[in-house]
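K.L.:
no sequence on this one, just coordinates:
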């Protein structure tokens, strides 16, 4: 399976990086926060939760920064598009991958989120938590390989 011991060590190091990764969930829906917080914690992730776009921006810029952000679109005061715009415009946070999770599926919003740099735009009601976990792991693996 492995050509040599160093290949195995590299794989182990990358898997440990994924396990120790910090996920920031930005969503004003308490049930979604709770669901994904539990799922990610059970998989060994460190999880932080923001209940608003404003709090999400603060936590994205805080130290230590999250390794990935799950972002809702429909939030009061500062919506998900505004949060994504600010995260991607700030050099301190622009490299943090963002997966948008929303029940808002209007084409111009999904296109704008993708244009701003969202890794994925998922419709909550159509996406199983296991699929979200798989996407998060894939994005983190891709970013750690760069």
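P.N.:
Okay, I see it. What you see is a predicted model; the values in this text were computed from it and never measured.
K.L.:
Which neighbouring elements make contact with the longest helix seen in the chain?
P.N.:
Looking across the chain with DSSP state H, the single longest helix is helix 129-145. In terms of contacts (3 or more Cβ pairs under 8 Å, 6 or more residues apart in numbering; DSSP states H and E), helix 129-145 is packed against helix 5-19, helix 30-42, strand 68-71, strand 98-102, strand 120-123. Placement of C-beta: from N, CA and C, glycine included.
K.L.:
what angle sits between it and helix 30-42?
P.N.:
In terms of direction (axes from the mean of the first three to the mean of the last three Cα atoms, to 10 degrees), helix 129-145 departs from helix 30-42 by 60 degrees.
K.L.:
Give me the contacts around helix 129-145.
P.N.:
With contacts defined as Cβ atoms under 8 Å, 6 or more residues apart in numbering, helix 129-145 is touched by 14, 17-18, 21, 23, 35-36, 39-40, 43, 67-68, 70, 95, 97, 99, 101, 119-120, 122.
K.L.:
What average pLDDT does whichever strand or helix holds residue 23 get?
P.N.:
If you go by DSSP states H and E, residue 23 is part of strand 22-26. Mean pLDDT, strand 22-26: 98.
K.L.:
looking at the sheet around the most centrally placed residue in the chain, what are its partners?
P.N.:
Closest residue to the average C-alpha location of the chain: residue 69 at 2.7 Å, with Cα atoms, centre = their mean. Note on residue 69: beta-bridge partners by DSSP bridges are residue 24, residue 98.
K.L.:
check contacts around it.
P.N.:
With Cβ under 8 Å, 6+ apart, residue 69 has these contacts: 23, 24, 25, 26, 56, 60, 87, 96, 97, 98, 99.
K.L.:
Quick check: which ranges of the protein have low pLDDT?
P.N.:
By pLDDT under 70, the weakly predicted segments of the chain are 1-19.
K.L.:
switch the cut-off to 50
P.N.:
Scanning the chain with the threshold set as pLDDT under 50 gives 2, 6-18.
K.L.:
what's the nearest residue to residue 102 if we skip its chain neighbours?
P.N.:
Leaving aside its chain neighbours, residue 102 sits nearest to residue 73 (3.7 Å; criterion: Cβ to Cβ, 6 or more residues apart in numbering).
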